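A.B. asks: how does the following fold in three dimensions:
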Amino acid sequence: MVTTNTEFFEEIPSEDGLAAATQSLPLIRVILADSQAIYRVGIRKIFALEDDIRVVAQVDTLESLHAAVQRFPSDIVLLEGSLLTGKTDAIPDLMRLAPQAKVIVQALAADESNTVELYRRGVRGIIPRSISPDLLVKCVRKIAQGETWIDNQSVNWVIEAYRSNAAAITNPRTQPRLSPKELSIIHCITEGKRNKEIAFQIGTTEQVIKNYLRKIYDKLGVSDRLELALYCLHHHLIPDGASSAAKPADKLGKI
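C.D. replies: The predicted structure is shown next:
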């Protein structure tokens, strides 16, 4: 066991020690991220009763969580919602560090806008802090199997959000306004070019391209390059004549 100021990790038991427990069920490796020690202790005791669930790390800050997911392979990250306050990119950043891990958020209260945003960014389940032990275990197992844990109210919120977004897209007065440079970068993305190639073509740096992409994602309501490409394909965002205008760097100038 290794202890630091804000985190401690517990190594997974050896394969021999888990052989009997994992004959019928695959082992689910969980990282607990919670600022309150009482919750971490309580949840760990709940999981300790289950043969197929093992807590491999416990942390109390988002920064410590980043270190934990890189050090310990995990299937589930059980994350206190309060740790995400004011950090809009926390979930995408976490998923980039540990793409194999599925995130469950423990929320203090149900909130429509926050719920929709969390699911849009890739969270696989949102549960209340007061969830019963049996439901918590069931949730972890379902999500580990690739399912999404979502209640009826949240389903309605997500559906309404997508309906509103679709209505806004089809309304010309509310369509996002993109600059020529943003359209040029989008065109490069649809051609499959990387940030480095786009920066070289336009005559700027990769960081500038990343900054532009964040603005584009926010404007169009997408979260990554794939969603951006699909959005452009579906909405014919790049006109037929845009390709010729998008390529010469001297016509774009410096970003």
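
A.B. asks: next, count neighbours for I31.
C.D. replies: 26 (other Cβ atoms under 10 Å). From N, CA and C alone the C-beta is placed, and that goes for glycine too.

A.B. asks: can you name the element that comes right after the host helix or strand of it?
C.D. replies: Per DSSP states H and E, I31 falls inside strand 28-33. Toward the C-terminal end, the helix or strand that comes next after strand 28-33 (DSSP H and E) is helix 37-48.

A.B. asks: what are the buried residues along that following helix?
C.D. replies: Neighbour-count burial for helix 37-48, counted by 16 or more other Cβ atoms under 10 Å, picks out Y39, R40, I43, I46, F47.

A.B. asks: could you do stretch 67-75 as well?
C.D. replies: Within stretch 67-75, the residues scored as buried using 16+ other Cβ under 10 Å are A67, A68, V69, F72, S74, D75.

A.B. asks: what is the host helix or strand of the second one packed up against?
C.D. replies: According to DSSP H and E, A68 maps onto helix 62-71. Helices and strands touching helix 62-71, by 3 or more Cβ pairs under 8 Å, 6 or more residues apart in numbering; DSSP states H and E, are strand 7-9, strand 28-33, strand 53-59, strand 76-80, helix 90-97.

A.B. asks: which residues touch that helix?
C.D. replies: 4, 6-7, 9, 31, 33, 57, 59, 74, 77, 79, 83-84, 87, 90, 93-94, 97-98, 101 (Cβ atoms under 8 Å, 6 or more residues apart in numbering).

A.B. asks: angle of the strand holding I31 against helix 90-97?
C.D. replies: 140 degrees (axes from the mean of the first three to the mean of the last three Cα atoms, to 10 degrees).

A.B. asks: partners of strand 28-33 in the sheet?
C.D. replies: Sheet pairing here is set by DSSP bridges, and for strand 28-33 it gives strand 53-59 (parallel), strand 76-80 (parallel).

A.B. asks: and the last one, what's buried?
C.D. replies: Spelled out, that is strand 76-80. For strand 76-80, by 16+ other Cβ under 10 Å, it's I76, V77, L78, L79, E80.

A.B. asks: with stretch 117-126 instead?
C.D. replies: Within stretch 117-126, the residues scored as buried using 16+ other Cβ under 10 Å are E117, L118, Y119, R120, R121, V123, R124, G125, I126.
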